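Chemist: What follows is a predicted structure for the sequence shown.
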Amino acid sequence: VVQGAWALLLARWTGRDDVVHGTVVSGRPPALAGVEETVGLFVNTLPVRVAVPADVPVGAWLQAVQDRHLALRQHEHAPLPSVQAWSGAKDRTLFETLFAFENYPVQPGAEGVGVELAGLRAVEQTNYPLTVAARAGEGVRLKAMYDRARLSDAEAARVLDAFRTLLETLAAAPDATLAELPRLGIEPAAGSAFPVETASTAEETLAAPAPVAPRTPTEARIAGMWREVLRVEEVGVEDNFFDAGGDSLLGMRMISRIRSGFGVDLQMRVLADAPTVAGMAAHVDALLSTEAAKAAAAPEDAGLDDLLDQLGMLSEEELERMLLDSAHEEAGADD
């Protein structure tokens, strides 16, 4: 119902009967043994295309939406850049809104294990103009993250209000057709943040921003590793690894490539803190500088250790004779 309500809202908002939005999937196929016990981030973002025919009853349409989402689970592992290439729309954005249904599994009785977590704070950010998250509990909690350059606070609030109304309407009227549902006052208008695409504009393709080219040798090498791991042709140094189709498994492969290629101990958390070529290159350069400093000091330290080892093998008489010889040499040099 929630997924269907979002697709219907987009259809009403854009004036189209065929819409595409992004959705977040767990990336943990049930058929894979032990997947629920595997530690790691498998989440992925994929496009969902939904037809919104006016004459279809709500109940039948929601079942079709559910069937499409179940079929999508067979392809949860597919990288988004690959899907973009397969679609034939390489120079166009597949979707500008992202929907996430958050239903984190909680093990019953986990509250009584004697471990208390406090002061938790999560910061979420996406690169889509509008991201809506629905969290299931006693009810459904809705949250919107949006780009204020595309949507005002009032417009975002109006979208959430319309979404809530649609949820209530779909649940209460399973036999009504989609055309019979209320319009909600969100029909497309001139200057809308997401304008309707007409036949006259369908062939117009906006040029995608050119990827930022590598500026340093380190960035160039890491960009090459990205292309191999993500299997993409172009990589910009400001591109986000996960938005480009990366996941936790590909991330581990990426970190492994960097470690072996540069000979540095790059930690996995760097991928979360700085998921761009530029960010990772900065960490690698910092590690290389540290290693270079250690290497510059190492020969001197090693020579001192060898000297101490040699002195430790000498007898007291030999040490005394060595000191006397050294003193005589210094006295002769002064003369």
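Modeler: Yes, it's here. Please read these numbers as outputs of a predicted model, since none were measured by experiment. Numbers count the residues shown, from 1 in each chain.

Chemist: following the strand or helix carrying residue 48, which helix or strand comes up?
Modeler: Using DSSP states H and E, residue 48 sits within strand 44-51. Once strand 44-51 ends, the next helix or strand along the chain (criterion: DSSP H and E) is helix 58-72.

Chemist: Okay, strands next: where are they in the stretch 1-150 of the chain?
Modeler: 18-25, 44-51, 97-102, 130-136, 140-146 (DSSP state E, counting those that start in this stretch).

Chemist: Dump those strands into TSV; add mean pLDDT and distance to residue 78 as well.
Modeler: Heads up, the C-betas are built off the backbone N, CA and C, glycines and all. As requested, these are exported to TSV (pLDDT from 0 to 100; distance: least, CB to CB, whole Å):
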stretch	mean pLDDT	distance to residue 78
strand 18-25	85	10
strand 44-51	85	7
strand 97-102	83	16
strand 130-136	82	20
strand 140-146	82	24
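
Chemist: got the buried residues for stretch 272-279?
Modeler: 275-279 (16 or more other CB atoms under 10 Å).

Chemist: May I have the distance across that stretch, first residue to last?
Modeler: 10 Å (CA to CA, to the nearest Å).

Chemist: Check stretch 134-145 too.
Modeler: End-to-end for stretch 134-145, by CA to CA: 12 Å.

Chemist: same thing with stretch 257-271?
Modeler: 13 Å.

Chemist: contacting residues around it?
Modeler: Applying CB atoms under 8 Å, 6 or more residues apart in numbering, the contact partners of stretch 257-271 are 218, 221-222, 225, 228-229, 241, 251-252, 254-255, 279-280, 283-284, 287-288, 291.

Chemist: same thing but 6 Å
Modeler: Under the contact criterion CB atoms under 6 Å, 6 or more residues apart in numbering, stretch 257-271 has outside partners 225, 251, 255, 283-284, 287.

Chemist: which two from those end up farthest apart in space?
Modeler: Farthest-apart pair in those is 251 and 287; separation 17.7 Å (CB to CB).

Chemist: so residue 214 sits in a helix?
Modeler: No - Residue 214 is assigned coil when assessed by DSSP: H, G, I helix; E, B strand; the rest coil, not a helix.

Chemist: okay, now the nearest residue to it once chain neighbours are set aside: neighbour count?
Modeler: Of all residues not flanking residue 214 in the chain, residue 220 sits nearest, at 4.0 Å (CB to CB, 6 or more residues apart in numbering). Neighbourhood size, residue 220 [other CB atoms under 10 Å]: 14.

Chemist: And the contacts of stretch 257-271, which is the shakiest by pLDDT?
Modeler: When the contacts of stretch 257-271 are compared by pLDDT, residue 251 scores lowest at 83.

Chemist: Return the distance of it relative to residue 85.
Modeler: The gap separating residue 251 from residue 85 is 21 Å, by CB to CB, to the nearest Å.

Chemist: Note down every partner strand of the strand holding residue 48 and its orientation.
Modeler: Each strand paired with strand 44-51, and its direction, by DSSP bridges: strand 18-25 (antiparallel).

Chemist: thinking again about what came up before, more crowded one of residue 251 and residue 85?
Modeler: residue 251 (20 against 14).

Chemist: measure that one to residue 34 for me?
Modeler: 20 Å.

Chemist: Show me the shaky parts of the stretch 151-300 of the chain.
Modeler: Within the stretch 151-300 of the chain, the segments meeting pLDDT under 70 span 184-210, 293-300.
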